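Colleague: sequence first, predicted model second:
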Amino acid sequence: MVTDEKVKQLLERITALENRVDELEQENEELRQENQQLRKENKRLRAKIRWYEGPHTPPSKDQSEQEKSSSSDGDEDDEQPRTDGGTPGRKSGHDPEWRDAPDPDQEIEVTCDCCPDCGEAFDESAGVSPRLVEELPDPQPPEVTQYNRHHYECHSCGAETVASHPDCPDEGQFGVNVIAQAALSRYDHRLPYRKIGDRFEQLHGLELSGASAWHATERAARAGRCEYEQIRHQIQQADVVHVDETGIKRDGEQAWIWTFTTEEHTLYAVRESRGSDVPAEVLGEDFAGTVVCDGWTAYPAFSSNLQRCWAHILREAEDAAEKQPEGEPIHRALKQLYVALQIRLESDLTVRERAELQYVARRELESLIERSVPDGPVATLLGKVEGGLDHWLTFIGEPAVSPTNNAAENALREPVVLRKIIGTLRNDRGMFVHETLLSLLATCRQQGRNPYEEFKRIARNNEMISRAQAVPAVASSG
C-alpha cells in the first residue's frame, strides 16, 4: 500500500528530474548555438585558406595540421613537438651520426706548472685529454697584382695578339676570387649589393661599392654564359624535362621566370612572355622528349608529348569537393586510381602489361568524365580531366616519366625566395644575370660540385662575352 510519505518522495524526485531536464535543455541550446558559431567561423577560415592557398599551392605548403603531425609517433609528454611537424633528434633505433674527426694540422701541448689552489709544483702530467678545435684563419687583406700584358703583331698575317693570364680577367680590376664571391654572395647567400660591399670591406679591407659588386656579379654571368648554353644543349637532348613558370617583375612590369629541369641540369629563362614561344626557344621546336608540366595552355601548344601533373589535379579535386558535395566521390575516385597505379607500377611490368594498364586507367577517367554534375567547380574539374585525357597517363607507358611536376616546382623555390628579397629586375641585363647565375648554381648543386670552385673556374676561363650580348636570347612577345 502506497503511503503518503512515498507519494511525497516520488513527487520530489519528479520535480528534481524535471529541473534537471530543464538544465540539460538549456545547456544543449547553448552548445547548439556555440556549434553554429564554430561552423560559421570554420567556413570563414576555410574560405580564407582557399584564397591564400588554392589548389595550385605546391604540395610542400598544402598540408593540413594532421598531415604535418603524422610523422610524430612519440608521447607528447615525453618530448616537445617541433613546429615543422617532425620530432627532434634521431629516430628511435637509429645509430647517431657524428662528423668525421679531421687530422690536426698542428699539435699544441697545454701544460700547467703548479696547482692553482695551493701553489704546489707539479712533477709530471697524470694524463692527456686531447681536444680537436677547428678554426678559420683570419681573413687576408687583398693582394694587388699588376699584370703587364704584352702585345704582339704577327709578321706573316698582321694579326695583333694580347697575352693572357688565367688569373687576370679580360676587363675590370677585380680578380677571379672577388668575382666568384660577389656572385655567390648575391645568388647563394642572397645579400644585397650594398651588403656584399660591406662584407668585402669588413673581412678583407677591400673597398667595394654596391655598383662594383653588381659589375663583378655581371662579369660572372657573362663569363658563365657559355656554360649556360651548354646546359641548355644538354636539356634539349633529354628524354624527360620538367617545366614550370612563375611571375617576376621587370622594372615593375609583369614578366615570367621559367625553369627547365632534368636529373642533372636546371636552366632558368626570364621572359616577358608566358606563351609557347618560350619552351620552343629553350627546348627547340623539334624537341622530341616528354614535357612534364601543369595545365597551362602554353604546353599543349608547344608539344603533344606531355605528362600532366597529378599533384595539381588531385589538389583541384580536393578543392572542388570542399565546395560541392558532388566532388567528393570524384576526388576519392581520382585519388584511388592514382594510388592503385603507383602500386601496380612498383612491379616490373612488360610493355604489353603497361599498355593494358594504360587502357584500363583511361577507361576509368572516361567514366568519371561521363558523370552528370551541376555547373560549378566540379564541372570545371571534369572539363580539365577531359581536356588532358591524352596526357594524364603518359607515365604508365614511359617508366622514366614522373606523374607529378614536383621537380620543377622545387626548382622554382629559390627564385621565389629571391623574388621576395629583390622585388624587381631592373632591365634586360638584370634578367640576363638572374637567369644565368641561377642556372649555374642550381646545376652545380644537382651534380654535387662546389659552387665556389666552379665559379672561380668559370671566371678564370676568360670566355667572357661582351656587354652587348648580355641580354635574354629573344625579344619578348608579350
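Modeller: Looks like it arrived, so ask away. Residues are numbered from 1 along each chain as shown.
Colleague: now Gln173: phi and psi?
Modeller: Note on Gln173: backbone dihedrals following degrees, to the nearest 10 are phi -110, psi 10.
Colleague: er, Ala255 actually
Modeller: phi -140, psi -180.
Colleague: now the nearest residue to it once chain neighbours are set aside: how far from Glu414?
Modeller: Among residues not flanking Ala255 along the chain, Glu272 sits closest, at 4.8 Å (C-beta to C-beta, 6 or more residues apart in numbering). Using the backbone N, CA and C atoms, a C-beta is placed for each residue, glycine as well. Glu272 is 21 Å from Glu414, where distance means C-beta to C-beta, to the nearest Å.
Colleague: the residue nearest to Ala255 contacts Asp251, correct?
Modeller: No: in this structure, Glu272 is not within contact of Asp251 by C-beta atoms under 8 Å, at 10.3 Å.
Colleague: can you give me the helices for the stretch 351-478 of the chain?
Modeller: 351-369, 377-387, 394-397, 406-411, 413-422, 428-446, 451-460 (DSSP state H, counting those that start in this stretch).
Colleague: now the angle between helix 413-422 and the strand or helix carrying Asn177, please.
Modeller: Assigned by DSSP states H and E, Asn177 falls within helix 176-187. If you take axes from the mean of the first three to the mean of the last three C-alpha atoms, to 10 degrees, helix 176-187 sits at 90 degrees to helix 413-422.
Colleague: residues contacting Leu389?
Modeller: Neighbour list for Leu389: Arg362, Leu365, Glu366, Ile369 [criterion: C-beta atoms under 8 Å, 6 or more residues apart in numbering].
Colleague: which of these are buried? Put it as a ChimeraX command.
Modeller: Of the contacts of Leu389, the buried ones can be selected in ChimeraX as follows, counting by 16 or more other C-beta atoms under 10 Å:
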select :365
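Colleague: what's the lowest-pLDDT member of the contacts of Leu389?
Modeller: Taking pLDDT as the measure, those have their low point at Ile369 (91).
Colleague: Thr161 belongs to a strand?
Modeller: Yes: counting by DSSP: H, G, I helix; E, B strand; the rest coil, Thr161 is part of a strand.
Colleague: quick check, pLDDT for it.
Modeller: 92.
Colleague: equivalent analysis for Asp375, please.
Modeller: For Asp375, the model assigns a pLDDT of 87.
Colleague: what do you get for the one 10 residues further on?
Modeller: Val385 is assigned a predicted lDDT (pLDDT) of 94.
Colleague: ok, back up a step: export the helices of the stretch 351-478 of the chain as CSV, with columns for distance to Glu134.
Modeller: Shown next, in CSV, are these (distance: least, C-beta to C-beta, whole Å):
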stretch, distance to Glu134
helix 351-369, 53
helix 377-387, 55
helix 394-397, 47
helix 406-411, 32
helix 413-422, 29
helix 428-446, 24
helix 451-460, 18
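Colleague: which stretch among those helices comes nearest Thr111?
Modeller: helix 451-460 (39.6 Å; C-beta to C-beta).
Colleague: which other helices and strands contact that closest one?
Modeller: Counting by 3 or more C-beta pairs under 8 Å, 6 or more residues apart in numbering; DSSP states H and E, the packing neighbours recorded for helix 451-460 are helix 176-187, helix 210-236, helix 428-446.
Colleague: and for stretch 390-397, what's in contact with it?
Modeller: 290, 300, 304-308, 310, 313, 341, 345, 354-355, 357-358, 361-362, 365, 385, 401-403.
Colleague: I'd like to know which helix or strand in the chain has the lowest mean pLDDT.
Modeller: helix 65-69 (a mean of 44; mean pLDDT, DSSP states H and E).
Colleague: now the contacts of stretch 390-397: which count as buried?
Modeller: 290, 300, 305-308, 310, 313, 341, 345, 354, 357-358, 361, 365, 385, 401-403.
Colleague: low-confidence regions, the stretch 351-478 of the chain specifically.
Modeller: 462, 471-478 (pLDDT under 70).
Colleague: and the helices and strands packed on helix 451-460, which is most packed in?
Modeller: Most buried of the helices and strands packed on helix 451-460, by mean neighbour count (mean count of other C-beta atoms under 10 Å): helix 176-187, with a mean of 24.
Colleague: tell me the angle it makes with helix 210-236.
Modeller: Using the same axes, to 10 degrees, the inter-axis angle of helix 176-187 relative to helix 210-236 is 80 degrees.
Colleague: pLDDT on helix 176-187, on average?
Modeller: In this model, helix 176-187 carries a mean pLDDT of 95.
Colleague: same deal with stretch 275-286?
Modeller: Averaging pLDDT along stretch 275-286 yields 95.
Colleague: over to stretch 32-52?
Modeller: On average, stretch 32-52 scores 76.
Colleague: name the residues that touch that stretch?
Modeller: Counting by C-beta under 8 Å, 6+ apart, residues outside stretch 32-52 touching it are Asp319, Glu322.
Colleague: for the protein, longest strand please?
Modeller: Longest strand of the chain, by residue count under DSSP state E: strand 240-250.
Colleague: and that strand, C-alpha only, in PDB?
Modeller: The C-alpha coordinates for strand 240-250 follow below in PDB (Å, rounded to 0.1, in the frame of the first residue of the first chain):
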ATOM      1  CA  VAL A 240      62.200  14.000 -70.000                       C
ATOM      2  CA  VAL A 241      62.100  17.700 -69.000                       C
ATOM      3  CA  HIS A 242      60.100  19.200 -66.100                       C
ATOM      4  CA  VAL A 243      58.900  22.700 -67.000                       C
ATOM      5  CA  ASP A 244      57.100  25.300 -64.900                       C
ATOM      6  CA  GLU A 245      56.900  29.100 -64.600                       C
ATOM      7  CA  THR A 246      56.100  31.800 -62.100                       C
ATOM      8  CA  GLY A 247      55.700  35.500 -62.200                       C
ATOM      9  CA  ILE A 248      58.500  38.000 -61.600                       C
ATOM     10  CA  LYS A 249      58.700  41.800 -62.100                       C
ATOM     11  CA  ARG A 250      60.900  43.500 -64.700                       C
END
